[in-house]
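Q: Following is a predicted model, sequence given first.
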Amino acid sequence: MSCAAPFIKRSGELKLTHHYSLEFAKQVLTELKTRSTPEVLEFILTSDVLLDAASRGVFEIVDLFLKHYPELMWDENFARKLKIKVVEGRHIDLFRLVNADDPIRYLAKKNEMNFVLMGAVAKWSSRCETADVSGAAFLLQRELQWFQAAEASDPSYKWMKFLEDKKSYWEVFAEEREQLLKEAGQWMKDTSSSCSLVATLIITIAFAATFTVPGGNDSYKGIPIFLKEGSFIVFAVADAFALFSSVTATLMFLAILTSRYAIEDFLYSLPRKMILGLTFLFLSLAFMLVAFGSTLTIVLNEQFKWIYIPIMLLAAFPAILFAFLQLPLYVEMVESTYRPRLYRPLKLRK
């Protein structure tokens, strides 16, 4: 408890500092409202306060300034600098904010803005390694999403030349992330190999259980003795689903292992295969435990009528533990692949 107390104290102090800093900014803007708007706008545009807040990812300050002075986005030079700072820092919520505030007047100069953004996205720096992304594969996927967002208006931009360089934006982007691509590919291979091993073991168990049914078979007709028991039906169905799910999971992981590992594959193809593989792996594990629990119920039910209660509890524990350990990774992968925050529009403020 003594070790946790300083951490809790520091967290409280940081939250308190953040709260009072925001309140101070509100008081400053309230005071500035008493002065003429052109004078205040000139002060904000020349002081770089807002650009510094955007570079550091302070969403509340940027949102507060734009809420009080939406005219700031009418300055083309400032809007360009603001978007560059946001993209260079890979601040997703700020990117959604400035896009929501991006007025229709920029349609005439949309091409110029896209070239600027693609230049900021193509280059790699340590600031691209955001804390909300775990693992090289997710980081590479996030970088690809940033590039896709920058070229959203016209996909042909990716093959245009990067300033005076002879290479295109896409070539510069891929070249800057060669090491990240190797790390992401290695992570995919290691994860797929480990999961496919587990799925193969489940296949072996489920396949063997098909021919060694609980209670055995009738010596004359070969029909299972407990065929008419409800628990046996549960066992048969669960074992079949466990076998089919584990086979499907193995095929998904084999598809990952035999992929070409091109940089484009990390945007949708490989993450989708990994999601399907993990989904069917979890299902196969759950069905295997159900089959095991139903087998014990068949064998012990005659002696212990209450045995199904502890069996259900014990069988549920590994499934819950697996879900608890793998769920954060799974949720992050699903959200990053099928519903990335970068593509979600931010509602305009009233």
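A: That came through fine.

Q: Helix or strand with the lowest mean pLDDT in this structure?
A: Least confident helix or strand, the chain: helix 4-32 with a mean of 67, by mean pLDDT, DSSP states H and E.

Q: CA atoms only for the next helix or strand after that helix - export them in CSV, please.
A: Sequence order places helix 37-47 as the next helix or strand after helix 4-32, per DSSP states H and E. What follows is helix 37-47, C-alpha atoms only, in CSV (Å, rounded to 0.1, in the frame of the first residue of the first chain):
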residue,chain,number,x,y,z
THR,A,37,-11.7,40.5,-31.9
PRO,A,38,-9.1,41.5,-34.5
GLU,A,39,-6.6,42.3,-31.7
VAL,A,40,-7.2,39.0,-29.9
LEU,A,41,-6.9,37.1,-33.2
GLU,A,42,-3.6,38.8,-34.0
PHE,A,43,-2.3,37.9,-30.5
ILE,A,44,-3.3,34.2,-30.8
LEU,A,45,-1.9,33.9,-34.4
THR,A,46,1.5,35.4,-33.5
SER,A,47,2.0,33.9,-30.0
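
Q: How far does helix 37-47 sit from its chain's centre?
A: Helix 37-47 has its C-alpha centroid displaced from the chain centroid by 39 Å (Cα atoms, centre = their mean, to the nearest Å).

Q: Can you tell me what sits against the helix or strand that that helix is followed by?
A: Next along the chain after helix 37-47, taking DSSP H and E as the criterion, comes helix 49-56. Applying Cβ atoms under 8 Å, 6 or more residues apart in numbering, the external contacts of helix 49-56 come out as 44, 61-62, 65, 72, 78, 81-82, 85-86, 88-89, 91, 94. C-beta here means a position set from N, CA and C on the backbone, and glycine is covered the same way.

Q: And these, which two are furthest apart?
A: Across the contacts of helix 49-56, the longest distance by Cβ to Cβ is 20.3 Å; it joins I44 and E88.

Q: of the two, who's got more company?
A: More neighbours surround I44 than the other of I44 and E88, with 20 against 17 (other Cβ atoms under 10 Å).

Q: burial count for the nearest residue to that one once chain neighbours are set aside?
A: Distance criterion Cβ to Cβ, 6 or more residues apart in numbering; nearest residue to I44, sequence neighbours excluded, is L50 at 5.9 Å. Counted by other Cβ under 10 Å, the residues lying close to L50 total 22.

Q: helices and strands around the helix or strand where A184 lies, which ones?
A: Element membership for A184 (DSSP H and E) is helix 178-211. With contacts taken as 3 or more Cβ pairs under 8 Å, 6 or more residues apart in numbering; DSSP states H and E, helix 178-211 sits against helix 136-150, helix 230-257, helix 269-300.
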